[in-house]
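Visitor: I'll drop the sequence and a predicted model, then ask my questions.
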Amino acid sequence: VADIIASRTGQALRVAEAQLAGKLSQEISALRGRLMGLLAQVEATIDFPEDVEPADIGPEVRAVRERLDWLLAEAERGIVYRQGVRTAIVGRPNVGKSSLLNALLRQSRAIVTPVPGTTRDTLAEGLNLRGIPVVLIDTAGIRPTDEPVERLGVARSREAVVAADFVLFVLDQSEPLAGEDRAIAILLADKPAVLVLNKADLPPAWEDGAAAALLPGCPAARTVAASGDGVAA
C-alpha cells in the first residue's frame, strides 16, 4: 500500500500546486467553451436544417468527457494529498487494533489492555507515510452489545468505516473466525482494504485460505502488533 501511494506523491503534489495556481478553473472554462461551441452546432442544425450540414460532434463530445473524467480523478488525488487518506482500523474486540495503531505511530497513543471493549470511541491520529498524509482511526470493537456506552462506540465504528478511504481489517489469527468477523467483512465489501492477520506469533486457529475467503482478492499481512513485527509490510 505504501509503495502504491508513494508512487503517486509527485503527481499529487503537481495537482495541488496546479489547483492553487488557478489552472483548474482555467481548464474548466476552456472545456465550457468547447461545449458551448458544440451546442451552437446542434442548435444551428435544428434551426436551419436545409442550410446547415449536420456535423459529427461525437468525437469532440467524447474528448471533452474524457478530459472531465481525468480532471475529476486528479481533483480527488489532490484532496487526498491535502486532507490525508482516512484509514479506519476495524475488527472485533481484542484483536489488536489499538496495538496496531500504536505500532504504526511508534508511540503509545491508544490504551491497550487484555480486557475486550477497552476502546469505547474512535481515536484519530495523523501519520506521514512516505510523504503522503494518512489519518489513522482506531475504532471500538464491532460486536452486538446491550451495554449503552459500548453500543455508542460500535455505532461510531460503523460510521468510521463508511467515511474511510481505506480500511485495515484486523483479525486475531490465534482464535477461530467468529460471526463478528464475517459481519464486519460484509460492511467492507466495497472498501479498499488490507487484511491484518495479527498475533502471528501464536499457533494459527484456521487454515491459510479461511481469512482470504472473507474478502476475496484483498491483500494480507501477518503482524505481531504488540511488538511491531510485520507492521512495515
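Guide: Good, I have the coordinates.
Visitor: okay, now the unreliable bits of the protein?
Guide: Scanning the chain for pLDDT under 70 picks out the ranges 1-22, 52, 75-83, 107-122.
Visitor: need the strands for it, in chain order.
Guide: Using DSSP state E, the strands of the chain run over 85-90, 123-129, 132-138, 166-172, 193-198, 220-222.
Visitor: and the shortest one, what does it pack onto?
Guide: With contacts defined as 3 or more CB pairs under 8 Å, 6 or more residues apart in numbering; DSSP states H and E, strand 220-222 has these neighbours: strand 193-198. (C-beta placed from N, C-alpha, C; glycine too.)
Visitor: next, format the strands of the chain as JSON lines and append distance to Glu159.
Guide: Formatted as JSON lines, the strands of the chain follow (distance: least, CB to CB, whole Å):
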{"stretch": "strand 85-90", "distance to Glu159": "10"}
{"stretch": "strand 123-129", "distance to Glu159": "12"}
{"stretch": "strand 132-138", "distance to Glu159": "10"}
{"stretch": "strand 166-172", "distance to Glu159": "13"}
{"stretch": "strand 193-198", "distance to Glu159": "17"}
{"stretch": "strand 220-222", "distance to Glu159": "25"}
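Visitor: between the ones you listed, which gets nearest to Ala233?
Guide: strand 220-222 (4.5 Å; CB to CB).
Visitor: neighbours of the nearest residue to Val135 once chain neighbours are set aside, how many?
Guide: Nearest residue to Val135, sequence neighbours excluded (CB to CB, 6 or more residues apart in numbering): Gly84, at 4.3 Å. Residues within reach of Gly84, counting by other CB atoms under 10 Å, total 19.
Visitor: kind regards, and thank you for your time.
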